[in-house]
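Engineer: how would this look folded up:
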Amino acid sequence: MPIRAVIWDIDDTIFDYTGADRTGMRKHLASEGLPGGYASVEQALEAWRAITDVQWARLAAGETDFQGQRRERVRAFLGRPLTDAEADEWFGRHVVHYEAAWALFPDAVPALDLLAGRYRHAVLSNSSIINQDRKLRTLGVRDRFEAVVCAVELGVSKPEAGAFHAACDTLGLAPQDAVYVGDHPDIDARGAVAAGLKGVWLDRDGRGGRPDLVRITGLDQLPGLLAGNTRFGASDTFG
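Structural biologist: Okay, the predicted model is just below:
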């Protein structure tokens, strides 16, 4: 059955979340000062990313809510107890720098342009609709997507099948009619395949090592893949 829709992840797929987060945190630390316990800014940045990954996993597992994961990231990073208000204030000052660094990956808009009119488009994110809708509007691409579906409002997160099915239901399509594109091999690509969609792992760093997944290393490769120039299911198709 031909693919009728592309469902997209946002962070580190079309939006350079890692780059914006590192740039924003670097500027935030220049303003706030390096917290105790870190020997360098680079060490602090790596710790912030590791803490973020842990708290996002807790959010996806339903162990905390969106605001809660933000607060726990701050407490773990600073290594001291904070009231909710104190954590919110610290994170809010970080957000100013983070949002100033927002940018799409250079290959995002060209890929969307090439696929426009040939496929329907939607977003499925493990974040919140308030956060992601605003992000897409700020970046100037919200109108590229028929729908933005987010885990916080759904109450179910990727890689659970229910999250992928909810995105398909929003488009009125069966799972086999859609392909999901994301940067995480298991949460995105493997989760999509298990839910009955086609899954594409966007491996921007060229890590490889997952022959079970359809893999691309840039969004410029996606149009050819969807057009049938490359067989779905081929191991390590690109690079």
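Engineer: in this structure, which spans are strands?
Structural biologist: Secondary structure of the chain (DSSP state E): strands located at 5-8, 120-125, 147-150, 178-182, 198-202, 214-216.
Engineer: where does the residue located most distally from the centre of the chain fall, phi/psi-wise?
Structural biologist: For the chain, the largest distance from the centre (C-alpha atoms, centre = their mean) belongs to residue 36, which lies 30.2 Å off. The phi/psi pair for residue 36 (degrees, to the nearest 10) reads phi -60, psi 150.
Engineer: buried residues, the longest helix seen in the chain. List them.
Structural biologist: Among the elements of type helix in the chain, defined by DSSP state H, the one spanning the most residues is helix 41-60. For helix 41-60, the buried set under the neighbour-count rule, 16 or more other C-beta atoms under 10 Å, comprises 44-45, 47-48, 51-52, 55-56, 59-60. C-beta coordinates here come from the backbone N, C-alpha and C atoms, glycine included.
Engineer: with distance to residue 206 and pLDDT added, can I get those residues in a markdown table?
Structural biologist: As requested, the buried residues of helix 41-60 are exported to a markdown table (distance: C-beta to C-beta, whole Å; pLDDT from 0 to 100):
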| residue | distance to residue 206 | pLDDT |
| --- | --- | --- |
| 44 | 27 | 97 |
| 45 | 22 | 96 |
| 47 | 25 | 97 |
| 48 | 24 | 96 |
| 51 | 26 | 97 |
| 52 | 23 | 93 |
| 55 | 27 | 93 |
| 56 | 23 | 85 |
| 59 | 28 | 83 |
| 60 | 25 | 77 |
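Engineer: could the residues you listed go into CSV alongside distance to residue 123?
Structural biologist: Converted to CSV, those look like this (distance: C-beta to C-beta, whole Å):
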residue, distance to residue 123
44, 31
45, 27
47, 30
48, 25
51, 25
52, 20
55, 22
56, 17
59, 17
60, 16
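Engineer: right, so of the strands of the chain, which gets closest to residue 66?
Structural biologist: Checking the strands of the chain against residue 66 by C-beta to C-beta gives strand 147-150 as the closest, at 9.4 Å.
Engineer: strand partners (parallel or antiparallel) of the closest one?
Structural biologist: Next to strand 147-150 in the sheet, as set by DSSP bridges, lie strand 120-125 (parallel).
Engineer: now the strand it pairs with against strand 178-182, angle please.
Structural biologist: 50 degrees (axes from the mean of the first three to the mean of the last three C-alpha atoms, to 10 degrees).
Engineer: what mean pLDDT would you report for strand 120-125?
Structural biologist: Strand 120-125 comes out with an average pLDDT of 98.
Engineer: how far off centre is it?
Structural biologist: Put simply, strand 120-125 sits 12 Å off its chain's centre (C-alpha atoms, centre = their mean, to the nearest Å).
Engineer: who touches it?
Structural biologist: Residues from elsewhere that reach strand 120-125 (C-beta atoms under 8 Å, 6 or more residues apart in numbering): 4-11, 112, 115, 132, 136, 144-151, 158, 163-164, 166-167, 170-171, 173, 180.
Engineer: among those residues, which ones are buried?
Structural biologist: Among these, the ones that count as buried (16+ other C-beta under 10 Å) are 4-11, 112, 115, 132, 136, 144-145, 147-151, 158, 163-164, 166-167, 170-171, 173, 180.
Engineer: which ones are touching the spatially closest residue to residue 84 that is not a sequence neighbour?
Structural biologist: Sequence neighbours aside, residue 71 is the residue nearest to residue 84 in space, at 5.9 Å (criterion: C-beta to C-beta, 6 or more residues apart in numbering). Taking C-beta under 8 Å, 6+ apart, we find residue 71 in contact with 82, 84, 87-88, 91.
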